[in-house]
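Asks: following is a predicted model, sequence given first.
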Amino acid sequence: MTAAVIRGLMIGRAFLYLGWSTAIKYPLGFISQQIGTLGPVVVYFFVAGFVESDTPEVGGDYFTFVMVGLVALQTLNAGLRALTNQIDLAVSRGFFETILAQPIRWNSLPYAMAAWPVFNAAVAAAVVSITALILGATIDTGGLATAIGVGGLGMLAGLAIGALAAGVKVLAKRGDPVLAFYSLGALVFSGVYFPIDQIPAAVRWLSYLFVHTYVVAGMRHALLPLKDGLTGPSGGEAIAVLVLFVVLLTPLSIWVFGRAMRFGRKMGLLAGY
Amino acid sequence: MIEVEAVTKTYDPMPRAMRLLLRTQVRQPVNALRETSLRLEPGETCVVIGPNGAGKSTLFRICTGLTTPSSGRVTVNGHDSIKDGRRARAHIGFAPAEERTLLMRHSVRENLSFQGAMRGMSGAHLAKEIELALESVGLSALADRTVFAISTGMRARLQLARAILGNPPVLVLDEPTSAIDPVAARDILKIVLDVARARGTAVLLSSHRLEEIETLGERMILLDEGKTVYQGGLESFLSEHAGDSVELEFQDPGAASDALDLLSAGNDWRVVASHEDPHRIVVTGTTEVGAVLGTLNTTDRLVSVNPFRPTLLDVLATTWGDAK
């Protein structure tokens, strides 16, 4: 392992500990945040009872269909939002400048700063999954490894998109213009709440531009008991496309983030807020 | 060793396409720093002074690699602060002006631990360096207290501890005593000087405190609107800029004001109103009382004429005024 990687891991560990130690200093806030992630599970448990859908389009069980989508969304959003949220926090609390003045590679910040929120989201996704199973979600355990692979790659792709957005964020300071547009598109086109074949055929191709589509469809194909009626890419196809996303987006996002930092440094914008 | 070589910084307006992201107040290029140069050897301390907006923070940000100079360069132990920024930053301990850069809900030790990890330290080595830093700034007894619960003076010490952690050869301290009382400030300054002496650290710090400027007066750089107005020792600064002066006292502030207008026009000397007493004005750059009095229309309302040794504040006020 090279010295640079070890150094990067050490910095990631420091941010992980910082996030954890900050979270537990506000115990009630931390607990309520964790409980809050279970809210949609309970809501959709009752909605599923009302809808009573077991059609092949939802993999034989609407509740499991939505739960898998929810976990996929949680996993992805953790990657997407982690860095911009952390930069927001560091800038508003005033320690971003102190971090930048340290002998670290600025390009390593997107992944190091995201360490705690990503870890936190992974744990939350596991808790949601277990709760959903307790409430009656039925999964194909044979597809668990594929689903974890899809989720992991989805998180990495989300982090890459998040780093692209963070490049804009360090200059724009407020708001997430990139993520706002991306999330809006993903919400409509990626089939989290309804199958993508419900989208008009003329714009359905847009679905395939969003990482969400592959993560949601890939995880559903891997985990839902009935696969015949499911639309979108299968688990294997999703993994192949997500690997491509990660391989292309990761270096691009690191490059864009680095360029944005250099531009911010030139304009004197790095320390402001 | 830190070397600032003819550094100029001009803040340009945001390019049009970028204004959609962020609108700034900069409409015209702003010259924040012009051809500033200095060189600090190990163990040397230099105080940077100047009014607000003089360019001090810009100079410090360039030294720490947080801002790119428009021209010139800064090297820290031979490493360019921009081109080789990471290595340059490894040789700098930086304390920003604001205490909110500290992790307020964490303990003193946790703050140093995070800083140490950022600087590549870990395990027993980091623990040892933390103890050393805490001892140097007199914070050992408060190591496990939450930063939020300690006094502002102690937080200033923690800022300093964070900067000296790992014994960097250069310290850049942006107004390290701005928020604390004079006695606590004196203690901080003593620690800084002790560290510089004991560890051979080059220290670049900014200050608005006159007593600090006098203590650190061996080496100072005076900035105003980005220009280096003076660089050198305090004594030579005072003898160069204070010059010979006379103070005129009048019966009323109106007479003092009229005299100030009259004397300000077309003479070699400089005239300023006393900042302590509106009845008085100070004429600097001459002891020829006859010439001064001759310039006045009347001496009816003049109460006294005395030789005057300006204070550092008087000289700074005059110098900043001249620079404008």
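Replies: That came in fine, so what should we check first?
Asks: when you work out contacts or count neighbours from here on, use the C-alpha atoms and nothing else.
Replies: OK.
Asks: mind listing what the helix or strand containing residue B:47 pairs with, with the direction of each?
Replies: In this structure, residue B:47 sits in strand B:45-49 according to DSSP states H and E. Counting by DSSP bridges, the strands paired with strand B:45-49 are strand B:202-206 (parallel), strand B:220-224 (parallel).
Asks: dump the ones you listed into JSON lines; add mean neighbour count and mean pLDDT as well.
Replies: Output for the strands paired with strand B:45-49, formatted as JSON lines (neighbours: other C-alpha atoms under 10 Å in any protein chain shown; pLDDT from 0 to 100):
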{"stretch": "strand B:202-206", "mean neighbour count": "25", "mean pLDDT": "93"}
{"stretch": "strand B:220-224", "mean neighbour count": "24", "mean pLDDT": "90"}
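Asks: can you list those in a markdown table and add distance to residue A:230?
Replies: Formatted as a markdown table, those follow (distance: least, C-alpha to C-alpha, whole Å):
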| stretch | distance to residue A:230 |
| --- | --- |
| strand B:202-206 | 66 |
| strand B:220-224 | 70 |
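Asks: related to what we said a few turns ago, just how off-centre is the strand holding residue B:47 within its chain?
Replies: Relative to its parent chain, strand B:45-49 has a centroid offset of 6 Å by C-alpha atoms, centre = their mean, to the nearest Å.
Asks: mind listing the helices for chain A?
Replies: Secondary structure of chain A (DSSP state H): helices located at A:3-23, A:27-36, A:39-51, A:62-93, A:96-100, A:109-113, A:115-134, A:144-172, A:177-189, A:201-204, A:211-223, A:235-267.
Asks: and the nearest residue to residue B:138 once chain neighbours are set aside, how many neighbours does it have?
Replies: Using C-alpha to C-alpha, 6 or more residues apart in numbering or on different chains and skipping residues adjacent in sequence, the residue nearest residue B:138 is residue B:157, 7.9 Å away. Residues lying near residue B:157 (other C-alpha atoms under 10 Å in any protein chain shown) number 26.
Asks: next: the one 10 residues further on.
Replies: Other residues lying near residue B:167 total 19 when counted by other C-alpha under 10 Å.
Asks: who are the contact partners of the closest residue to it other than its chain neighbours?
Replies: Distances taken as C-alpha to C-alpha, 6+ apart put residue B:199 closest to residue B:167, at 7.6 Å, once the chain neighbours are dropped. Contacts here follow C-alpha atoms under 8 Å, 6 or more residues apart in numbering or on different chains; on that basis residue B:199 touches B:43, B:167, B:169.
Asks: repeat that for residue A:267.
Replies: B:11, B:12, B:14, B:67, B:68.
Asks: how about a cut-off of 7 Å?
Replies: Residue A:267 makes contact with B:11, B:12, according to C-alpha atoms under 7 Å, 6 or more residues apart in numbering or on different chains.
Asks: gap between it and residue A:91?
Replies: The gap separating residue A:267 from residue A:91 is 17 Å, by C-alpha to C-alpha, to the nearest Å.
Asks: what's around residue B:229, how many residues?
Replies: 16.
Asks: can you confirm it is in a helix?
Replies: No: per DSSP: H, G, I helix; E, B strand; the rest coil, residue B:229 lies outside any helix segment and is strand.
Asks: between the contacts of residue B:199, which sits nearest residue A:73?
Replies: Distance to residue A:73 across the contacts of residue B:199 (C-alpha to C-alpha) is lowest for residue B:167, with 46.0 Å.
Asks: pLDDT at the closest one, what is it?
Replies: Looking at residue B:167, its pLDDT reads 93.
Asks: so who does the spatially most central residue of chain A touch?
Replies: Centroid check for chain A by C-alpha atoms, centre = their mean gives residue A:76 as the closest residue, at 1.9 Å. Counting by C-alpha under 7 Å, 6+ apart, residue A:76 touches A:154, A:155, A:158.
Asks: kindly report the same for residue B:101.
Replies: Per C-alpha under 7 Å, 6+ apart, neighbours of residue B:101: A:93, A:94, A:95, A:98.
Asks: mind running it again at 6 Å?
Replies: Residues in contact with residue B:101 (C-alpha atoms under 6 Å, 6 or more residues apart in numbering or on different chains) are A:94, A:95.
Asks: low-confidence regions, the stretch 1-150 of chain B specifically.
Replies: The model of the stretch 1-150 of chain B has pLDDT under 70 over residues B:17-26.
Asks: check which helix or strand covers residue B:304.
Replies: Counting by DSSP H and E, residue B:304 is found in strand B:302-308.
Asks: other SSEs contacting that strand?
Replies: If contacts are counted by 3 or more C-alpha pairs under 6 Å, 6 or more residues apart in numbering or on different chains; DSSP states H and E, strand B:302-308 sits against strand B:245-250.
Asks: show the model's pLDDT score for the nearest residue to residue B:279 once chain neighbours are set aside.
Replies: Once flanking residues are discounted, residue B:279 sits nearest to residue B:253: 4.6 Å by C-alpha to C-alpha, 6+ apart. pLDDT for residue B:253: 90.
Asks: helices and strands of chain A: which one bottoms out on pLDDT?
Replies: helix A:177-189 (a mean of 82; mean pLDDT, DSSP states H and E).
Asks: by how many degrees do that helix and helix A:144-172 diverge?
Replies: Interaxial angle of helix A:177-189 relative to helix A:144-172 (axes from the mean of the first three to the mean of the last three C-alpha atoms, to 10 degrees): 140 degrees.
Asks: contacting residues for residue A:256?
Replies: By C-alpha under 6 Å, 6+ apart, no residues touch residue A:256.
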